Structures are given as C-alpha cells and as structure tokens.
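> give me a model of this one.
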Amino acid sequence: MKKIIFAVILCLLLSSSFGSVSVSAQRVAVKTNLLYDATATINLGLEIALAPKWTLDVSGNYNAWDFENNRKWKHFLVQPEARYWLCEKFNGHFFGLHVHGGEFNTGNVCTPFNLFGDCRNTRHEGWYYGAGISYGYQWVLGKRWNFELSAGAGYVGSDYDIYESPRCGAYLGPAHHNYFGLTKASITIIYIIR
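Presented below is the predicted three-dimensional model:
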C-alpha cells in the first residue's frame with residue numbers, strides 16, 4: 001500500500017512542477033479502455049488538464065471474476081500518468097510518464113508475459129508496482145468525443161505468496177518477480193465533460 005501511495009504522490013508532484021493549474025480553462029474527460037473491457041475488467045479513467053500542454057491521466061481497473069476449473073485472474077490496478085502534448089492537450093501526439101500499482105490473485109492461468117511468474121499449476125497472491133514511459137495519439141471525433149491509441153514500456157515488480165493450485169491450497173512460500181517490457185496498452189473511447 002505504501003508503494004501505491006508513493007506512486008500517486010510522485011505523479012502529483014511531477015504534474016504540479018510542470019506549471020500552474022488553470023481552473024478557468026480546465027478540461028476534464030472520462031474514458032474507458034476497450035482492451036480491458038474485452039477481458040471483463042471494469043475500468044474507468046479520468047484525465048484533467050493542468051497546463052496548456054500538460055494533463056494528468058488516472059485510470060483504475062478491477063477484475064473480481066472466478067472462472068471454471070478454479071481459474072482466476074483477479075486484480076486491481078491504479079495507473080496515474082503525467083502527459084506532455086506536442087501540439088495541444090486532448091488532440092494529437094503525447095508522451096507520458098506513468099507509475100502503477102495494485103494487487104492480484106491469479107491461479108491456474110498463464111498471465112501475459114509471465115508477469116506474476118508461472119501460475120499454471122499454482123496460485124499467486126500479492127502486490128505489484130512499477131513505472132514506465134508511453135506514447136500515444138488522440139483523435140477528435142466530435143465536440144465531446146475522442147479516440148486514443150497508446151502504448152508504454154517500463155518495469156513491473158511483484159511480491160507475492162505462492163499456494164498450491166486447488167482452492168485453499170497449501171502455502172508454498174514467498175516469491176518476487178521482475179519484468180521489463182510492455183506496461184501499458186490502450187484503445188480508448190473518451191468523453192470530454194467540459
């Protein structure tokens with residue numbers, strides 16, 4: 001939990017150091033990532049303009065579903081990102097610096113990129129954290145609607161406990177896993193509130 005709080009504070013400090021917040025010209029948008037929607041992961045994002053070329057994007061994801069044969073990929077993720085826009089905010093190219101953290105409980109599945117270790121025959125329960133950089137592009141579709149594609153790369157560290165795969169399996173011990181690679185991918189629909 002301390003790592004998540006640190007990540008959020010770091011992102012807020014980074015965003016506040018890039019200029020003052022202009023309340024009168026501020027824009028706020030809500031968004032959903034269609035890639036998460038496709039995996040039955042509930043997600044919601046909020047992006048707030050901070051300066052003429054800076055925004056703060058904060059997304060949250062939650063998956064609490066159990067699947068047949070005791071398969072699970074339960075998790076939540078919080079990922080704040082400071083974004084610098086090359087032309088104007090909410091339009092065109094941007095670069096981002098993101099941090100992320102969350103909790104997971106996976107078992108009897110292969111996670112993407114073996115992110116939490118080999119979960120095919122065991123269950124892993126723990127926390128993950130990390131940071132990365134991203135690039136994206138946002139298209140204006142109408143007065144209040146935008147569409148975005150983005151991808152990011154960086155680091156994810158995970159600390160977890162390993163259990164035998166059957167439900168309520170025996171405790172096998174602690175573990176740690178480091179991952180460097182893709183940390184963010186999005187196909188996003190955006191609604192600009194104001």
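
> drop to CA atoms for contacts and neighbour counts, all remaining ones
Fine.

> would you mind finding the longest strand in this protein?
Counting by DSSP state E, the longest strand found in the chain is strand 171-192.

> strand partners (parallel or antiparallel) of that one?
If you go by DSSP bridges, strand 171-192 pairs up with strand 28-33 (antiparallel), strand 145-164 (antiparallel).

> for that strand, which positions count as buried?
For strand 171-192, the neighbour count (16 or more other CA atoms under 10 Å) marks Tyr179, Leu182, Thr183, Lys184, Ala185, Ser186, Ile187, Thr188, Ile189, Ile190, Tyr191, Ile192 as buried.

> what's the answer for stretch 155-172, then?
Tyr155, Val156, Gly157, Ser158, Asp159, Tyr160, Asp161, Ile162, Tyr163, Glu164, Ser165.

> tell me the contacts of the last one?
The one in question is Ser165. By CA atoms under 8 Å, 6 or more residues apart in numbering, Ser165 lies in contact with Gly107, Asn108, Asn121, Thr122, Arg123.

> what about the first one, distance to Lys74?
Using CA to CA, to the nearest Å, one gets 9 Å for the distance from Gly107 to Lys74.

> and the residue nearest the centre of the chain, what helix or strand is that in?
For the chain, the residue nearest the mean C-alpha position is Gln79 (3.9 Å; CA atoms, centre = their mean). Assessed by DSSP states H and E, Gln79 sits inside strand 71-85.

> ok, Asp37 next?
Per DSSP H and E: helix 34-38 holds Asp37.

> by contact count, what packs against the helix or strand following that helix?
Scanning forward in sequence from helix 34-38 by DSSP H and E, the next helix or strand is strand 42-51. On a contact count with 3 or more CA pairs under 8 Å, 6 or more residues apart in numbering; DSSP states H and E, strand 42-51 meets strand 28-33, helix 34-38, strand 54-63.

> picking up where we left off before, distance between the strand holding Gln79 and the chain's centre?
1 Å (CA atoms, centre = their mean, to the nearest Å).

> can you list the strands that that strand pairs with?
Strand 71-85 has these strand partners (DSSP bridges): strand 54-63 (antiparallel), strand 66-67 (antiparallel), strand 92-107 (antiparallel).

> next, count neighbours for the residue lying closest to Thr41 once chain neighbours are set aside.
Excluding the flanking residues, the one nearest Thr41 by CA to CA, 6 or more residues apart in numbering is Asn63, at 4.7 Å. For Asn63, the count of nearby residues is 18 (other CA atoms under 10 Å).

> low-confidence ranges in this structure?
1-26, 111-119, 166 (pLDDT under 70).

> for the residue lying farthest from the centre of it, what are phi and psi?
When distances are taken from the C-alpha mean of the chain, Ala170 lies farthest, 31.0 Å away, according to CA atoms, centre = their mean. Dihedral angles of Ala170 (phi, psi; degrees, to the nearest 10) stand at phi -70, psi 150.
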